[in-house]
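Asker: I would like to see how this sequence folds:
(one chain, ligands or ions: 3)
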Amino acid sequence: MLVYKRFLIFSIISIASTQHINDVFVTLITDVSTSLFPATRISCHLCNSISDDEILRLSWQFSNHRLIHTFRNNFDHLDPLIYDNLEHKNLYILDMECEYSIYALQRANASELFSSPKKWLLLGRENHWEDLVIKETFKDLGVYPDSDVLMARKMNDSEDFDLISIYRPSSVREVIIEFRGNWSASGGVRLNDRRVASIRRMNLQKTPLKSCLVMTDPDTINHLTDYQHKRTDPVTKATYTWINHMIKRMNATISFEISDSWGYKMPNGSFSGMIGMLQRKEIDIGGTATFFVAERIEIVEYVQLYTKTRSGWLFRQPLLSSVSNIFILPFQKRVWIAIGVTLSLVFPLLYMAMKWEYSQNRDSKSAKYWRELNPANPSFSDDFLVILGAMAQQGYSYEPYRVPSRITTLMVLIFALSLYASYTANIVSLLQTTTDAIKTLADLLYSPLKKGAQDVIYNRHYFKTFTDNVRKALVETVEPKGKKGSWMSLDEGVRKIRNELFAFHGELGTMYQVVQETFLEDEKCGLTEIDYLNILYPLLVIQKRSPYLEIIRNGALKIKESGLQDREHFRLWTKKPECYGNTNFISIGFQECYFPLVIMGYGTLITVAVLIIEMLWRKR
Ligand SMILES: *[C@@H]1O[C@H](CO)[C@@H](O)[C@H](O)[C@H]1NC(C)=O
Ligand SMILES: *[C@@H]1O[C@H](CO)[C@@H](O)[C@H](O)[C@H]1NC(C)=O
Ligand SMILES: *[C@@H]1O[C@H](CO)[C@@H](O)[C@H](O)[C@H]1NC(C)=O
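Answerer: Ligands and ions are numbered 1, 2, ... in the order given. This next block holds a predicted model:
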């Protein structure tokens, strides 16, 4: 085969009596194939009346024009591939005056060789190819709008040819003959319409097409165009509108079937749902946009018209107080160490001052009042209580009397005052702070948030297909083995996001709409989304090798250009709600006071334990 690629070749299958084939034809073919079809590989079927020498001469001329070619002057088969599979470079040439030419057309029809991107040039060398004859010849052939069948027909005895294109809008419509221009030996190809086929053949003459809508809720059928109940099946509603625009543009009609599934690969290899219908060619167009996933690429053709559907985890970043102990956060570690050092210095100083004070002039008259307050020799626990009282701003019963103890207590009090002021100021702002700690799927997995997912068929399908550990572990949290999973409706999920520490997986646009309707202004702050399925936007799908591919692609571009796509996006999907500042006051609940409560709880337990030990001690 490589040899074929490199060299211009020819082959002669059989040789018969001579009949002159004009140089005119060589010029016609080379003109058409260089100007109209930029083809470089030609499979040429001529009549068996053409001689060996004639073909040699033709081949030589083709080679001069750098066209790879094969010649046959009888019919045994049509090459489905000419040399290689660069199909768009292939041109079939068929001489319509041969006795086998109608049979050859039927064979081409049976192997679907008229479909895009293969090209055909038919030579009507005698002037008997009237419109009616052509219509009769092509009436059952599959020359649909994607075909490229050009006929050069001789009109009268001059050397001029009409160039006509032959196609049928669909299998239920008549043959249409398009007049494309003409060709003459002196003037070459003159076209009167240079528009591409997908524009010229847009009018399908009310061809009935079939489609299928995917609905997760049967009630959607009643609300396809009224923008009610936007949160169920927005993809179906958007695509339905676009398809209707497109069908109108194509002058076709459409009927819809209903399915409850987009379609997934079944164990035996065939697909279910809408994709299955496309695979079995029961419908022409998929009525609902479909995720772009690898396993479907071979089954259906994707068209670049997408809906802005995104799925992902949505949650509110938890308050700082619910994930970490905010009571140690106001000061940096160094400050806490400095406080510890200061206290451990002050403790012996005050002890010494108190001891010294007690031993000095207790009996003087001026110390009478002081003696009443401090009847006993101060101990370590007295010292401890004084410092604790000062640091906790709770007061104590000790009354410093002499200068050293007064200096020490004053120092402790001022120290405690300044610490206290900065500590309380900080803690108030920390109480209202949300974390932005959860940024990745792994963060989410190890966070205290509970998880749930929207109960729709594609979530259930794709959740089973993950292979990486974090995603699998997250699926496990939604659907623990052997237990009923936390699959729920969208409304319930969003309500939980609002009221609990909860992360919900679902369609983001619809979730935002519920958020917009039900959340208070300050609750919209800290909303975070994380992508999970890792799938592209859903796209429009049609049958593989559909004859309407180019027309539909053009329609899709038009819908995009004219803003009709954005219109549906705008009306059916809600953007992420904005957070307009945290202006609300924060109410402090048990959650925020968790750590002090824990400390108090342990304190109480220790006291009870000490009490019991004391009682046992006394008994002994
Ligand atoms: C051409 O092919 C189509 C299907 O591809 C078939 O329905 C039709 O009957 C064929 N026509 C002829 C004349 O064989
Ligand atoms: C659509 O097709 C019908 C049937 O062939 C035809 O009568 C009508 O004029 C077409 N409409 C347009 C807008 O081309
Ligand atoms: C594959 O299985 C489904 C049911 O599981 C069945 O409906 C379908 O016909 C099967 N397809 C083939 C090609 O066997």
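
Asker: list the pairing partners of the strand or helix carrying residue 453 within its sheet, with orientation.
Answerer: Secondary structure from DSSP states H and E places residue 453 in strand 450-454. The strands beside strand 450-454 in its sheet (DSSP bridges) come out as strand 487-488 (parallel), strand 502-507 (parallel).

Asker: quick check: phi and psi at residue 152.
Answerer: With angles defined as degrees, to the nearest 10, residue 152 sits at phi -100, psi 110.

Asker: what sits closest to it if chain neighbours are left out?
Answerer: residue 161 (4.3 Å; C-beta to C-beta, 6 or more residues apart in numbering). No exception for glycine: its C-beta is placed from N, CA and C like everyone else's.

Asker: for ligand 2, see how far away the one you found is.
Answerer: 29 Å (C-beta to the nearest ligand atom, to the nearest Å).

Asker: could you give the bridge partners of that residue?
Answerer: With DSSP bridges as the rule, residue 161 is bridged to residue 154, residue 183.

Asker: contacting residues around it?
Answerer: 28, 124, 152-155, 182-184 (C-beta atoms under 8 Å, 6 or more residues apart in numbering).

Asker: taking the residues you listed together, which two end up most distant?
Answerer: 124 and 184 (15.2 Å; C-beta to C-beta).

Asker: who has more neighbours out of these two?
Answerer: Set residue 124 next to residue 184 and count neighbours by other C-beta atoms under 10 Å: residue 124 wins out with 21 against 16.

Asker: ok, the more buried one touching residue 151?
Answerer: Yes - between residue 124 and residue 151 there is a contact at 5.7 Å, judged by C-beta atoms under 8 Å.

Asker: so out of everything in the stretch 301-450 of the chain, what residue is nearest ligand 3?
Answerer: residue 301 (20.7 Å; C-beta to the nearest ligand atom).

Asker: what's the first helix or strand after the helix or strand containing that residue?
Answerer: Here residue 301, judged by DSSP H and E, is contained in strand 300-306. The helix or strand immediately downstream of strand 300-306 is strand 311-316, counting by DSSP H and E.

Asker: other SSEs contacting that next one?
Answerer: helix 441-446, helix 490-499, strand 502-507, helix 508-518, strand 527-530 (3 or more C-beta pairs under 8 Å, 6 or more residues apart in numbering; DSSP states H and E).

Asker: of these, which is nearest residue 288?
Answerer: The closest of the helices and strands packed on strand 311-316 to residue 288 is strand 502-507. By C-beta to C-beta, the value is 13.6 Å.

Asker: excluding its backbone neighbours, what's nearest the residue sitting nearest the centre point of the chain?
Answerer: Nearest to the mean C-alpha position of the chain, counting by C-alpha atoms, centre = their mean, stands residue 536 at 2.8 Å. Spatial nearest neighbour of residue 536, chain neighbours left out: residue 292 (4.4 Å); criterion: C-beta to C-beta, 6+ apart.

Asker: surely the one you found is in contact with residue 534?
Answerer: No - the pair residue 292 / residue 534 is not scored as a contact, 11.6 Å apart, by C-beta under 8 Å.
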